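J.: Starting from these lines, generate the structure:
(2 chains)
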Amino acid sequence: MIELQNVRKTYDRFEALKGLSLAVPHGVVFGLLGPNGAGKTTTIRILMDIIRPDSGSVTILGRPPGLAVQHRIGYLPEERGLYRKMKVVDHLVFFGELKRMKASEARRRSLELLERFGLKDWALKKTEALSKGMQQKVQFIGAILHEPDILVLDEPFSGLDPINQELMKDEIVRFARAGKTVIFSTHVLPQAEQFIDALALINRGELVLEGRLDKIKEDYAENRIHLTTAAGAGALAMRGAEVAPRGEGYSVTLPKDLSPREYLQAVLASGVDLEQFRPDEPSLEEIFMKVVKHG
Amino acid sequence: MDRMWVVFKKEYLQKVKSLGFWLSTIVLPVFMVGIMIVPMLLMTRQKPTLTVTVVDPAGVVLPALLAAQEERAQAAKSANAQPGGRSMDRQTEVEIVFRKSAGESPEALQKKVEERAIDGYLVVPEDYLLAEEFEYYARTLSNISAFAALESVLNRALFSLKGESLNLSPEDKGFLRARASLKGFRVEKGKAKEEGALAGFFAVLIVFMMLYMLILIYGSFIMRAVLEEKSTRVVEILASSVPPFQLLMGKILGVASAGLTQVAVWIGFSVLLSAGALPMAAAAGALPSFTLLQMVFFVVFFILGYLLFASLYASVGAMFNNEQEAQQAATLVVIPVIIPVVLMQMVIADPGSTASVVISLIPFFTPLIMYLRILVETPPVWQIALSLVLTVATLVGVIYASGKIYRTGILMYGKRPNLRELWRWVRA
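T.: Residues are numbered from 1 along each chain as shown, chains lettered A, B, ... in the order given. Next comes the predicted model:
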């Protein structure tokens, strides 16, 4: 579907990508994750044929990036903007035509989508009259207007309030459920974790981790549970368990040979009242820190 | 090149649909005619007066000066009544009020001058009929038209005094006094056509300045458009959907078409006007008429000049992040457009001179200077052809280089490139 093989890109003396390889399967929400400066935007710009890699190969829908596939991709750049003096609907029609839509078709779909995003009354206003959040919605409409097979979003949540972040999330999931592929980048891992199917973690231009989220979680699962109790940490530290406060309760890491069941029985037997307990999966952030430190 | 037309259409419609476009369509010609005519009107409305005390112990010259001033005012009035022609005279029309000196000392007169009671005083020498110089004391001598007017009145007065001393009759004086003026005929294509010299000059000036403004204004539109795309970051989406060269050309041609639309409106109107109200004035020779060929060349040179400067402006826009930063480099781009305006007088004075020919063949000056030469005196065909070939060749080079700079520049933020980096972009 989308594949990068040993892609390198250097700006002046800064190596933005040091031989990055990754593959995005079809029909998933794919998170391109990593801290600031990891190379996410460079990767996306290469996919969008805005910049060319120094070496390595890239294929999208079986072709190299370029005009032949561009119209099948929708793109929301990290730095966003619109022509200030253009009317919203004219602007969307322009975007649609750039992606090979007919003007009439682009207009019909723009109005439809503007209505869905609650911007129907703004269609004939100039874009400069829109709030930042509204402008971002217009840009998102511009990215999905031509019903692309792949949607590429660079930091789609930045600058959005919580309500619009939720809306964006729903749209991304809706798009993927229609059998299409979404690639989005973010440095906010906890948010991404909530709805991605697969991911690539990159750091300093190199791939750190790649795969399906559930598989990765499984691989990095530790013998750990989360407990909520009125009792103190001291009451939980038994049989070699390490106890650390976390949220409303405690995160308890067990020695390898101790099963959670055995531990819980021992705790209950000692007379401690447990309000809640659940297996504690590692967060993506923890996995990232772990991999970066040890790898 | 299919994406280019999408950009073309958007640029064209956005321009033509804007209020500013139609306002400038109306305002620009009115403005150009205005800056030519308003100073002339102001001159006639507001006659400067000059109060001069005449130190004339014999008391002969002052009456002659008063008579000469009166005579001169009459002559100017009748000249202004004629259409066309001698409107330049209006500019030298200064009213002079002569006062008799009360026998004050030079010191007292100088004090009066400094206190602004009078503008100056004129000392009549004893041998005034033979004197080659009259002394004139004033606060300022830099008002050339006042100085010239005073001189002219003085000489009229002396002429009549000299005539009296020779005992000439008024008829004889009139006979000697009468001057001949030139009546201009423009020779072109084996035909001679009467044309008011000044009307012709102003018409050339107006058309020349319109071409100049069009090239400048539309060229800078491109820079502003590129900067807007950079600062709003729309360019990211554009660059991912359109190859940069198509984007650049779509933009340049779209804006050019808007400019041509404006020119078409103007030509349409001037044709309508000359078909309606103006043929009589034109026949009288007061108005110059432009030939079809001159109009065609206006369009040709607008396109060439615009394309040259628009490409330069586009690369300037691509190199910088905002208008403030781009301003300095934009000034550099403007210089080759301004130089022809500075040289205009020289070319009008002698359109066929070696200097004029050479300047008109320099590609960046060709659109304005060659067009000026065509307006003033049709140059040999080979010179026009050569200038077109040179300009088109330069244009190809400039568009190529600008395309390269544009392609790299539009996605660069922050640091602006130095010359070596620019050269690398061009070669890339």
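
J.: from here on, contacts and neighbour counts on C-alpha atoms
T.: Noted.

J.: For stretch A:183-202, could you pull out the residues that count as buried?
T.: A:183-189, A:192-193, A:195-202 (16 or more other C-alpha atoms under 10 Å in any protein chain shown).

J.: ugh, wrong one, I meant stretch B:52-62
T.: Buried, per 16+ other C-alpha under 10 Å, within stretch B:52-62: B:52-57, B:61-62.

J.: Quick one: name whatever helix or strand follows the longest helix seen in chain A.
T.: If you go by DSSP state H, chain A has its longest helix at helix A:162-177. Later in the chain than helix A:162-177, the nearest helix or strand by DSSP states H and E is strand A:181-186.

J.: residue boundaries of the strands in the stretch 1-150 of chain A?
T.: Secondary structure of the stretch 1-150 of chain A by DSSP state E, counting those that start in this stretch: the strands cover A:2-11, A:14-24, A:29-33, A:55-60, A:73-76, A:150-154.

J.: out of those, deepest packed?
T.: strand A:29-33 (a mean of 27; mean count of other C-alpha atoms under 10 Å in any protein chain shown).

J.: Poorly predicted segments of the chain, please.
T.: Reading this off chain A. A:294-295 (pLDDT under 70).

J.: right idea, wrong chain: chain B
T.: B:36, B:39-47, B:79-93, B:184, B:186, B:188-200, B:273-290, B:413-414.

J.: what residues does it put near chain A?
T.: B:3, B:6-7, B:10, B:14, B:228-229, B:232-234, B:236-243 (C-alpha under 8 Å from any C-alpha of the partner chain).

J.: The helix ranked longest in chain B packs against which elements?
T.: Taking DSSP H as the criterion, chain B has its longest helix at helix B:197-232. Packing contacts for helix B:197-232, counted by 3 or more C-alpha pairs under 8 Å, 6 or more residues apart in numbering or on different chains; DSSP states H and E, involve helix B:19-45, helix B:244-275, helix B:292-319, helix B:323-349, helix B:366-376.

J.: Please point out which parts of it sit buried.
T.: Those would be B:197-200, B:202-212, B:214-216, B:218-232, for helix B:197-232 by 16+ other C-alpha under 10 Å.

J.: Next: stretch B:237-256.
T.: Those would be B:237-256, for stretch B:237-256 by 16+ other C-alpha under 10 Å.

J.: Touching it from outside, list them.
T.: Stretch B:237-256 has contacts (C-alpha atoms under 8 Å, 6 or more residues apart in numbering or on different chains) with A:48-50, A:67, A:70-71, A:75-77, A:98-99, B:1, B:3-12, B:15, B:218, B:221-222, B:303, B:306-307, B:310-311, B:314, B:403, B:406-407.

J.: Try it again at 6 Å.
T.: A:48, A:50, B:3-4, B:7-8, B:11-12, B:403, B:407 (C-alpha atoms under 6 Å, 6 or more residues apart in numbering or on different chains).

J.: Now the two most distant members of the residues you listed.
T.: A:M48 and B:Y12 (26.9 Å; C-alpha to C-alpha).

J.: which one of those two has more residues nearby?
T.: A:M48 (26 against 22; other C-alpha atoms under 10 Å in any protein chain shown).

J.: Grab the nearest non-local neighbour of the more buried one.
T.: Once flanking residues are discounted, A:M48 sits nearest to B:S240: 5.5 Å by C-alpha to C-alpha, 6 or more residues apart in numbering or on different chains.

J.: The one you found belongs to a helix?
T.: Yes - B:S240: assigned to a helix according to DSSP: H, G, I helix; E, B strand; the rest coil.

J.: from what I can see B:S402 touches B:Y313, true?
T.: No - here B:S402 does not reach B:Y313: they are 8.8 Å apart, not a contact under C-alpha atoms under 6 Å.

J.: Nearest to chain B: which residue in chain A?
T.: A:G81 (4.5 Å; C-alpha to the nearest C-alpha).

J.: Report the contact partners of that residue.
T.: B:232-234.

J.: Need the three-state assignment for B:Y136.
T.: Assignment for B:Y136 (three-state DSSP): strand.

J.: Just grab the bridge partners of it for me.
T.: B:L122 (DSSP bridges).

J.: Just confirm it contacts B:P125, I think it does.
T.: No - using C-alpha under 6 Å, B:Y136 makes no contact with B:P125, being 11.1 Å away.

J.: Tell me, how many residues neighbour A:A231?
T.: A:A231 has 13 nearby residues by other C-alpha under 10 Å.

J.: Could you do B:V271 as well?
T.: Neighbours of B:V271 (other C-alpha under 10 Å): 13.

J.: From one end of stretch A:47-59 to the other, what's the distance?
T.: 8 Å (C-alpha to C-alpha, to the nearest Å).

J.: Quick one: residues in contact with it.
T.: A:2-9, A:45-46, A:64-66, B:239-240.

J.: Give me the distance from it to the chain's centre.
T.: 21 Å (C-alpha atoms, centre = their mean, to the nearest Å).

J.: Go through the strands of the stretch 1-150 of chain A and name the closest to B:A75.
T.: Across the strands of the stretch 1-150 of chain A, closest to B:A75 is strand A:73-76 (C-alpha to C-alpha), at 76.6 Å.

J.: so does that closest one get close to chain B?
T.: No - Strand A:73-76 stays clear of chain B (C-alpha under 6 Å from any C-alpha of the partner chain), getting no nearer than 7.1 Å.

J.: which element is B:V97 on?
T.: strand B:95-100.

J.: Distance from that strand to the middle of the chain?
T.: That offset, for strand B:95-100, works out to 36 Å (C-alpha atoms, centre = their mean).

J.: Neighbouring strands of it in the sheet, and parallel or not?
T.: Using DSSP bridges, the strands paired with strand B:95-100 are strand B:49-55 (parallel).
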